[in-house]
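Q: Return atomic coordinates for the entry below.
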Amino acid sequence: MTVHLQRAVKGAAAAEVRWLETISRRAVWVDVDESVRRGALSAEASGVIAHAADTAREKGLPLVMTIGSSGADIVEGVAALHGWGQAAKAIAKCSGYVPIITVVTGPAVSGPALLIGLSDIVIMTSDSYAFVSGPTMVAEFTGIKINNDELGGADIHAKQSGVAHLVVADRQSAIAEVEHVLSFLPDNVDEIARATMTSDPVDRLTPEAGRLIPESSTGSYDVKQVIQAIADDGYLLELRARWAANIVTCLITISGQSIGVVANQPTYLAGTLDIPASQKAARFVSFCDAFNIPILTLVDTPGFYPGKDLEWRGMIRHGAQLVFAYGRATVPRVCVILRKSYGGAYIVMDSKKMGNDMCMAWPTAELAVMGAGQAAAILQRHATPQEREAFEQDYVERLLNPYVAAERGYVDSVIDPTDTRREIAAAFAMLSNKREKLQTRKHDNSPL
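A: Prediction:
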């Protein structure tokens, strides 16, 4: 089918949202209708989903699914389960070949809930819900009584589980969001996203970006304002905004070209990396790399969030997911270090040795193993307060600046924040013809 895509952008001077352009795109669209037997998936219905997925992959078109389903059809028994497995396999085969977007308009229970997990982008209406095991099962096994919304409502999946990328009011709004998301994406792995029209000058200066950085190294600011300063028309489409808020993942355009942005958010947990943030960023980097969307990384993090609980829950494994995602990414990658970039977090946030194509830093950047206070606590633990203060001051002056890293080739250039948009645009323009030869192998073994 053909959908008409409208890109919503915020004008540089105006506060209201306006529609910039309308273009036509084709997509394979399959609708699981909740009004028919509560959307119970028979073997035949699952076969339709599988056929839609196969068609999307063969034709190189995005796959869009709207789901409102109570699960596999109980009346059919194992035949329905077999059909669901067939659909799941077909959707999995689409992964990395075509974008998979799912809209949840009602219940998505058991098998259909797992189909959501196979999607690249999940959009939920505010009254929808999704879970693998429902309230009855939870009460039977745990003794805890809980309703549908508390267990798997859109609000829960937006904030707690990270399943929902976007939450909207109703089905009509959800379809509009599908069109919006598709405007940033190509049809398939062999294409790049279409450039969009913009009147925003590519060499526009961004003095407001630099003014956001507080004088105190512990002060916070909203990194989304930095992104808006860089993006065409100040517009960004944030995905998973309420989950793992210490990192921002969003889609923007620069000179009309789609760009994926990963940025530490100092206003939440000081921009540290924990398990949800690592998972969120890793999945987004992998998504952008799969569909030829260049990646911009904005760095301001003091490191990984410390804690016994995180280590026991697998911080090593989940932190490695972000390392792995950047390490295998072959799209053009530009990194800008805004302020803090310490320790292991410096490495995983697309550092030069992780393979970024261009690494820039603001004069406020601090690249080191750790901050001055942390270094003093280790190296000067027996010193007097005056000696520790002198050590910290010397540490800041000698090491906590981008010029030492630039001398060693870890930073390509130190730029004025006013020139940030212009420098990033020039870097991506230079990298537009980047190609890498991929190593032949069956598949990688991602640290899940």
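
Q: Trp84: what's it in contact with?
A: For Trp84, the contact set (C-beta atoms under 8 Å, 6 or more residues apart in numbering) comprises 41, 46, 72, 111-112. From N, CA and C alone the C-beta is placed, and that goes for glycine too.

Q: Spatially nearest residue to it, not counting backbone neighbours?
A: Gly111 (4.2 Å; C-beta to C-beta, 6 or more residues apart in numbering).

Q: pretty sure that neighbour is touching Ile49, no?
A: No: counting by C-beta atoms under 8 Å, Ile49 is not a contact partner of Gly111; they are 10.6 Å apart.

Q: who touches both of the two?
A: Each of Leu41 lies in contact with both Gly111 and Ile49 under the rule C-beta under 8 Å, 6+ apart.

Q: more neighbours, these two?
A: Comparing Gly111 with Ile49 by neighbour count (other C-beta atoms under 10 Å), the higher total belongs to Ile49, at 25 against 20.

Q: which element follows the strand or helix carrying the more buried one toward the C-terminus?
A: In the assignment (DSSP states H and E), Ile49 maps to helix 43-59. On the C-terminal side of helix 43-59, the nearest following helix or strand under DSSP H and E is strand 63-69.

Q: Next, give phi and psi for Val28.
A: Main-chain dihedrals, Val28, degrees, to the nearest 10: phi -90, psi 120.

Q: ok, it to Ile49 distance?
A: Val28 sits 11 Å away from Ile49, taking C-beta to C-beta, to the nearest Å as the criterion.

Q: just Thr440 next, same as before
A: With distances taken as C-beta to C-beta, Thr440 is found 32 Å from Ile49.

Q: do the same with Asn188
A: Counting by C-beta to C-beta - Asn188 and Ile49 are separated by 19 Å.

Q: just Ser255 next, same as before
A: Applying C-beta to C-beta, the value for Ser255 to Ile49 is 38 Å.

Q: next one: Lys353
A: Distance, Lys353 to Ile49, using C-beta to C-beta: 43 Å.

Q: Need the pLDDT of the most far-flung residue of the chain relative to its centre.
A: If you look at how far each residue of the chain sits from its centre, by C-alpha atoms, centre = their mean, the farthest one is Thr384, at 45.6 Å. What the model reports as pLDDT for Thr384 is 77.

Q: repeat for the one 10 residues further on
A: Predicted confidence (pLDDT) for Asp394: 65.

Q: got it, and the one 5 residues further on?
A: What the model reports as pLDDT for Leu399 is 69.

Q: How about Ala406?
A: Note for Ala406: predicted pLDDT of 84.

Q: and what of Ser95?
A: For Ser95, the model assigns a pLDDT of 96.

Q: same question, Thr2
A: As predicted, Thr2 sits at a pLDDT of 48.

Q: Same check on Val369?
A: The score at Val369 is 64. That number is its pLDDT.

Q: Any stretches of this structure with poor pLDDT?
A: For the chain, the stretches flagged by pLDDT under 70 are 1-23, 35-39, 71-77, 79-80, 369-377, 379, 381, 387, 392, 394-399.

Q: Helices along the stretch 151-300 of the chain, start to end?
A: Taking DSSP state H, counting those that start in this stretch to define them, one finds helices in the stretch 151-300 of the chain at 154-156, 171-182, 207-211, 223-230, 275-290.

Q: so what secondary structure elements neighbour the last one?
A: Helices and strands touching helix 275-290, by 3 or more C-beta pairs under 8 Å, 6 or more residues apart in numbering; DSSP states H and E, are strand 247-254, strand 257-264, strand 295-301, helix 315-328.

Q: Of all these, which one comes closest to Arg194?
A: With C-beta to C-beta, the closest approach to Arg194 among these belongs to strand 257-264: 8.5 Å.

Q: and the angle for that closest one with helix 223-230?
A: Calculated by axes from the mean of the first three to the mean of the last three C-alpha atoms, to 10 degrees, strand 257-264 forms an angle of 150 degrees with helix 223-230.

Q: Give the other helices and strands that strand 257-264 contacts.
A: Short answer (3+ C-beta pairs under 8 Å, 6+ apart): strand 257-264 packs on helix 223-230, strand 247-254, helix 275-290, strand 295-301.

Q: and the ones you listed as JSON lines, adding distance to Val138?
A: Formatted as JSON lines, the entries for those read as follows, by distance: least, C-beta to C-beta, whole Å:
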{"stretch": "helix 223-230", "distance to Val138": "36"}
{"stretch": "strand 247-254", "distance to Val138": "30"}
{"stretch": "helix 275-290", "distance to Val138": "22"}
{"stretch": "strand 295-301", "distance to Val138": "37"}
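
Q: Turn those into JSON lines, columns for mean neighbour count.
A: Output for the helices and strands packed on strand 257-264, formatted as JSON lines (neighbours: other C-beta atoms under 10 Å):
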{"stretch": "helix 223-230", "mean neighbour count": "21"}
{"stretch": "strand 247-254", "mean neighbour count": "24"}
{"stretch": "helix 275-290", "mean neighbour count": "23"}
{"stretch": "strand 295-301", "mean neighbour count": "26"}
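
Q: and Ser119, which of the ones you listed is closest to it?
A: That would be, of those and by C-beta to C-beta, helix 275-290, which comes in at 10.5 Å.

Q: Strand 247-254 and the closest one, what's the angle between them?
A: Inter-element angle recorded for helix 275-290 and strand 247-254: 30 degrees (by the same axes, to 10 degrees).

Q: ok, and what's touching helix 275-290?
A: 95-96, 120, 162, 189, 239-240, 243-244, 246-247, 249, 260, 262, 293-295, 310, 313-315, 318-319, 321-322, 324-326, 328-331, 348.

Q: And stretch 145-159, by the same measure?
A: Stretch 145-159 is touched from outside by 104, 107, 113, 122, 124-131, 134-135, 138-139, 163-164, 167, 240-243, with contacts defined as C-beta under 8 Å, 6+ apart.
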